[in-house]
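K.L.:
just a sequence and a predicted model for now, questions to come.
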Amino acid sequence: MSTEIIAIACDQQILRTYALPFAGSVLVRTGQEVEAGEPVAEIRMPERYQVFDVINGLKVNPKNIDRHIERLVGEPVKAGDVVAQKPGLISRLFRASQDGMVVAIRDGRITLALGEKKLQVLATFPGTVVEVIPERGAVVAVQGLLLQGVWGNGLNSSGVLIDLNSEEAPPEKGQADLDLKGKIGVLKHAADRASFLALLSRNPSGLVFGSVVPELLPELESAPVPVMVLVGFGDFATDPLSAAMLRQMEAQTVYLNANEADLAERSRPDLILPGKAQVSPGLFHEDLQLEIGRRVRLVGRPYTGSVGEIIELPDEPEMFASGLVMRAVVVRREDGLVIRVPRENVELILE
Amino acid sequence: MERRRNLSVDIGSQNTRAWLFEQREEGFALVCSAAAETTAASGQDLRSGVTRALEELQEKSGLRLLDRQQALIRGEEGVGACGLSLSAGKPIRTVLVGVSDSYSLAALRRLVSLFYTDLSLEIDLQDDLNATAQLEKIINANADLFVCAGGTNQGAFKPVRAALDNLRIVYQSLPRLIRPQIVYAGNEALTEYAREELDAGEDFHPALNLQARIDAEFLPAGWPAMLGAFRRLRRQQLTGLAELEREWETEALPSAFAASRIVRLIDRMNPTGKGAMALDVGCNSTIVLAARGDEFIGAISHPPISGLVGKETSRYCALPIDAQTAAVYMLNKKLHPAFLPATLEDLAIEQAWTRVRLQYALRRTRELFPWFGYDPELGLLDPYEPVLLSGESLVRVPSSQQKLLMALDGLRPHGITTFALDNDQLLAALGSLAAKEPLLPVQLIDAGAFSNLGTVICADAPERSAKRVLTLEIDRGEGARETLDARKGEIKRVETTPFKPTRIYLSPGELTDVGMGLPGLGGWVTVPDSEVGAVIDARGRPLDLPDEMNKRSEAFYNWLWGLGG
């Protein structure tokens, strides 16, 4: 059985791999400090391709095609260079529209790779390069506060964390504090589309919600700024550990990596507040497992978002109200309530 | 007698399962099974998860399977044949290239549907797409796999040649770390041209033409090439797979493909010739496999979560639960796939969602295979017997009655059929061993590896509710015969007798169809002993669910009660 692990950690070594899907150039070296947004690796690729049909384009006899093609495969071309031509009274020319290279000549068709574009992977938080992956990228590490969520829309940014829960009513247009530019706003709950769109109109750098209603999912997915959900879909209270960490992060510059959760890859969206401590490369995360004394966050109604400590791990499976027989974990919540839940229905907290 | 042992391992996205089989005097038998967390994330070696599963298997079986170096002990002292199946890994981003949408592209969609693919682009060579636009699209698709077909043998080839030219540019120009694989299953006159033109070495997988003639399609012609491409990709993507295959002298099969071998085998073993079907509902996907003679249908679907699905799930809930609550459950379950329902409310949503996922998967299968006899309103029109239920969502359910009712509501079959249950999730395990130890799956199936859930007699009649549609006469071979009436809208159960078959005479009403060929036609049916028994589903098709939430809930309660649940 696999147990999900969620990090709500105050002094955590955070390691992140930034790698290209292609063989390219690594732009950093081990030990180098990198800033958020700094390129770690890049590859230069053609900006576009062009396929030109010489036979139909120049109206030439296919038998004599070789006479009309001026370049060889692999030959570079400059913008304006003649690649193929049909001389005569009214000559016809095919010129390269941009700098590039001939990549194929087949069946009377010339394929050009034109222009150049850079594909880069950028660091999403400041840190130290602890490992270089040849031709692909690097691993960047930082020591700091790490708060993971359960859902993200795939974007990332940074900004000063601001708690929007204290706003009694959304500010009216024209008010000075309307603008959230450069800020990452935190709200316990997103309850409807109108209030979410009103938030977006204030140009935040990112948004963090404790929970959101399911109807909002299309808006969250298409939001132009990173959005992270901490607990889940529905109307749930933010767990006390996450709430405490958000308070610690308040008014400081944080890095929101709202990448899509991928449990197979053990990756989750997160919020990072880099600390001042040096990273200690070579340290590995301990192998966390369910054991007495560990803290867990509960999943599933009516306990979603509750946090408690494991006080018992019975060996024998037991029957739950649903009729399913499952192995249980017994948890004492912070309010003293003792709860028995299936082992599958908890997230182990990495503190 | 020497006790030959065979091992099968299935590496899923969440769990790695292992099964140990042993040859005994009466034939092969399952010794035990074990599971451990899959270790297939970046930087992990999937052999770690396999070793953990084998350690548990050792503990459960009391047999030594691993040596001091944690390597599998082979030969007489250890394990003979090893089977390996795989569904872990990201979906394979796939580009299809065909000469027409309705002809070669449709066949290609069917071909790739069992190989965990995600279609990122389809190129129809009859579209007015110029060569530049086609090339740009193929590059932007950033695919792991290209599958190209088109043209009958010796037929026209110009557009296919042009497409191959573009594939060559993509393959040769992009410095992808994971080399894309190319499957060619078109006009065989072009196969050698394609091999030379693409110059892709072992990344090129030629197949026989799927459509050698204009009126014939033969998907198995493409399977070896697809298997080759699947394995080469997964070996690059999943650390430890190539080494595991080498150490165990085996080759991984896609889990759904491995399972399909067993469905085809059951069909061949089945004297009724009705065809065999298997349905596997897991947390990430639903698999539909159906075989009848030379005809095979198989598809993996990933049902979306939307407002509409929330409404449908709410409609099939055995408790009064609104669409919003159902949507909350489904979205959170997607975030935590291992979550298991602990409350009655969660169980009701989970089971309703399983019904909806089955219906979606059957609809999707029908879209891929237009000749598949399924109608979204009327249900499964084609007869299949047995229908085998597998996967966490259908197996990990509190009672057999609930399993059967979910399957009935999901499929809505017609006529008479038998539902069986793959309690040990053996389908893929047997499939991956079938080529090495052909007797093993046959003997296990004969020995009852799949339990008999129940025989279902569907009585469909255009009558008003509560009107008698079928009378049954039950002969248990001892004592007087019992009679039973089934009324429109209800489900009834006839308990079967342990260790011997029960004979039931069906006497349908004039308009009632029980699958004997014509409405009103009845006859004797012999029903073997099963977990639930013989079930009369007289609800008719389409299924008439009350509009009001509480009445609907009451109807589900009554149907489950009728089943003895």
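P.N.:
Looks like it came in fine. Just so it is clear, the structure is predicted and the values come from calculations on it, not from any experiment. Residues are numbered from 1 along each chain as shown, chains lettered A, B, ... in the order given.

K.L.:
for the rest of this, base every contact and every neighbour count on C-alpha atoms.
P.N.:
Fine.

K.L.:
per the annotation, how does chain A divide into domains?
P.N.:
Split into domains by automatic domain parsing, chain A comes to A:4-43+A:121-274, A:47-115, A:295-350.

K.L.:
save those as CSV, and put in mean neighbour count, distance to B:S8 and mean pLDDT too.
P.N.:
Listed next are these as CSV, based on neighbours: other C-alpha atoms under 10 Å in any protein chain shown; distance: least, C-alpha to C-alpha, whole Å; pLDDT from 0 to 100:
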stretch, mean neighbour count, distance to B:S8, mean pLDDT
domain A:4-43+A:121-274, 20, 22, 92
domain A:47-115, 17, 47, 90
domain A:295-350, 19, 25, 95
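
K.L.:
leaving out sequence neighbours, find the closest residue to the residue nearest the centre of chain A.
P.N.:
Centroid check for chain A by C-alpha atoms, centre = their mean gives A:N259 as the closest residue, at 2.5 Å. Of all residues not flanking A:N259 in the chain, A:G154 sits nearest, at 4.0 Å (C-alpha to C-alpha, 6 or more residues apart in numbering or on different chains).

K.L.:
ok, the one you found to B:R93 distance?
P.N.:
Relative to B:R93, A:G154 is positioned 19 Å away (criterion: C-alpha to C-alpha, to the nearest Å).

K.L.:
check B:Y557 too.
P.N.:
Distance from B:Y557 to B:R93, by C-alpha to C-alpha: 44 Å.

K.L.:
likewise A:L114?
P.N.:
26 Å.

K.L.:
what do you get for B:L129?
P.N.:
Using C-alpha to C-alpha, B:L129 is found at 21 Å from B:R93.

K.L.:
who has more neighbours out of those two?
P.N.:
For B:L129 versus B:R93, neighbours defined as other C-alpha atoms under 10 Å in any protein chain shown are more numerous around B:R93 (18 against 13).

K.L.:
secondary structure element for the more buried one?
P.N.:
strand B:92-98 (DSSP states H and E).

K.L.:
now for that strand, which elements pack on it?
P.N.:
Applying 3 or more C-alpha pairs under 8 Å, 6 or more residues apart in numbering or on different chains; DSSP states H and E, we find strand B:92-98 packed against helix B:106-112, strand B:117-124, strand B:145-148.

K.L.:
looking at those, which is buried most?
P.N.:
strand B:145-148 (a mean of 25; mean count of other C-alpha atoms under 10 Å in any protein chain shown).

K.L.:
show residues contacting that strand.
P.N.:
B:92-98, B:108, B:180-186, B:229 (C-alpha atoms under 8 Å, 6 or more residues apart in numbering or on different chains).

K.L.:
try it again at 6 Å.
P.N.:
Strand B:145-148 has contacts (C-alpha atoms under 6 Å, 6 or more residues apart in numbering or on different chains) with B:94-98, B:180-184.

K.L.:
what is the nearest of those residues to chain A?
P.N.:
B:P180 (11.8 Å; C-alpha to the nearest C-alpha).

K.L.:
do I have it right that that closest one meets B:A141?
P.N.:
No. The criterion here is C-alpha atoms under 6 Å, and B:P180 misses it with B:A141 at 11.6 Å.

K.L.:
more neighbours: these two, which one.
P.N.:
Higher neighbour count among B:P180 and B:A141: B:P180, with 22 against 16, using other C-alpha under 10 Å.

K.L.:
what sits against the more buried one?
P.N.:
Here B:P180 is in contact with B:144-145 (criterion: C-alpha under 6 Å, 6+ apart).

K.L.:
try it again with 7 Å
P.N.:
Contact partners of B:P180, counting by C-alpha atoms under 7 Å, 6 or more residues apart in numbering or on different chains, are B:143-145, B:171.

K.L.:
next one: A:V132
P.N.:
A:29-30, A:138-139.

K.L.:
okay, and which of these map to strands?
P.N.:
Among the contacts of A:V132, DSSP state E puts A:138-139 in strands.

K.L.:
just the contacts of A:V132 now: which is nearest chain B?
P.N.:
A:V139 (12.0 Å).

K.L.:
now for the nearest residue to the closest one once chain neighbours are set aside: which residues touch it?
P.N.:
Leaving out its chain neighbours, the residue that sits closest to A:V139 by C-alpha to C-alpha, 6+ apart is A:T17, at 4.3 Å. By C-alpha under 7 Å, 6+ apart, the residues touching A:T17 are A:138-140.

K.L.:
can you list the strands that the strand holding B:R93 pairs with?
P.N.:
strand B:117-124 (parallel), strand B:145-148 (parallel) (DSSP bridges).

K.L.:
tabulate the helices and strands packed on strand B:92-98 in a markdown table, adding columns for mean pLDDT.
P.N.:
Below are the helices and strands packed on strand B:92-98 laid out as a markdown table (pLDDT from 0 to 100):
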| stretch | mean pLDDT |
| --- | --- |
| helix B:106-112 | 96 |
| strand B:117-124 | 96 |
| strand B:145-148 | 97 |
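
K.L.:
for the chain, which helix is longest?
P.N.:
Looking at chain A here, since you left the chain open. Counting by DSSP state H, the longest helix found in chain A is helix A:240-249.

K.L.:
not quite, I wanted chain B
P.N.:
helix B:344-368.
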